[in-house]
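Asks: Here is a sequence with its predicted model. Questions after.
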Amino acid sequence: MKLAAIILPLALLSSTLPQAPREAAPASPAQPQAHTASEESHAADTVPRKYIEFWNTGDAKIMKSFFSPFYMFSHGHRVIVDEAMLARVVNAWRESMPDLNFKIEDTITDDNKVSMRLTFTGTYKARLFPNTADPAKLTPPRHVHATEILFFELKDGKIWTIWEEYDELAMRSQMGARWLTNDQLDAAQKSASAPTSKQRVNLPPKP
């Protein structure tokens, strides 16, 4: 009873005393904001997108943002592409199809590598390949629609390697290409290399 008589008045007294304000807990140090997957993907594929933009516009100023001499693998062949070569190829395609447009359908990034699936379209106005039809004789004008896969490898913020695979067969067919069998090609080659009748007359006799 004596213990209770002491504790209860102390408890009541403490409840009536003014309470000191509590100090706010120290703020935790700011944590760096994590990059989302979409942000990382956007940063990685900026250079490849500039490459596509150059093909769509032909603007040489865009080339400076992504270009350094790079390796191009196309249909299994590897070539070193310099600035003049790239500009020449892009200009040839855009002369053949002035409304040429590449559309990026899908993009996959992995560190310094970017893979793109594209479709490209254009109206065939000038001959691009030797065995295609003369577009001036095609009525109505031919519209090209084909697909492409590009695989980029980047280094120091520039393109280091491009591997490409595009549906060239579909594109050439839409341009009026004439496909020959091996027998037809052999016959055409023999006919082209055979001497004319006038040349045959002047040939020396066989010993």
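Replies: On my side now, so go ahead. What you are looking at is a predicted structure, and each value in this text was computed from that prediction instead of being measured.
Asks: Ile62: what's it in contact with?
Replies: Contact analysis of Ile62 by C-beta atoms under 8 Å, 6 or more residues apart in numbering lists Lys50, Glu53, Phe54. C-beta coordinates here come from the backbone N, C-alpha and C atoms, glycine included.
Asks: Looking at the residues you listed, which are in helices?
Replies: Members of those lying in helices (criterion: DSSP state H): Lys50, Glu53, Phe54.
Asks: quick revisit: by neighbour count, which of the contacts of Ile62 wins?
Replies: Within these, most neighbours by other C-beta atoms under 10 Å means Phe54, with 22 neighbours.
Asks: now that one, nearest residue through space, not along the chain?
Replies: In space, and not counting its chain neighbours, Phe54 is closest to Ile62: 4.5 Å by C-beta to C-beta, 6 or more residues apart in numbering.
Asks: Next, count neighbours for Thr132.
Replies: For Thr132, the tally of surrounding residues (other C-beta under 10 Å) stands at 20.
Asks: again with the one 3 residues further on
Replies: Applying other C-beta under 10 Å, we find 18 residues neighbouring Pro135.
Asks: How about Thr107?
Replies: 17.
Asks: Phi, psi for it please.
Replies: Backbone geometry at Thr107, expressed as degrees, to the nearest 10, gives phi -140, psi 130.
Asks: ok, residues contacting the longest strand along the chain?
Replies: If you go by DSSP state E, the chain has its longest strand at strand 143-155. Here strand 143-155 makes contact (C-beta under 8 Å, 6+ apart) with 44, 47-48, 51, 97, 102, 112-124, 159-168, 170-171, 174-175.
Asks: In strands, which of those residues appear?
Replies: Using DSSP E, the subset of the contacts of strand 143-155 located in strands is 102, 113-123, 159-166.
Asks: What remains of the residues you listed if I keep only buried residues?
Replies: Among the ones in strands among the contacts of strand 143-155, those buried by neighbour count (16 or more other C-beta atoms under 10 Å) are Phe102, Val114, Ser115, Met116, Leu118, Phe120, Gly122, Ile159, Ile162, Trp163, Tyr166.
Asks: Now render these as TSV, adding pLDDT and distance to Asn131.
Replies: Converted to TSV, these look like this (pLDDT from 0 to 100; distance: C-beta to C-beta, whole Å):
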residue	pLDDT	distance to Asn131
Phe102	98	24
Val114	96	33
Ser115	96	31
Met116	97	29
Leu118	97	25
Phe120	97	20
Gly122	97	18
Ile159	91	31
Ile162	93	25
Trp163	94	25
Tyr166	92	17
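Asks: ok, these vs Phe67, which is closest?
Replies: Within those, the smallest distance to Phe67 is 7.0 Å, found for Ile159 (C-beta to C-beta).
Asks: Name the nearest residue to that closest one, ignoring sequence neighbours.
Replies: Phe70 (4.7 Å).
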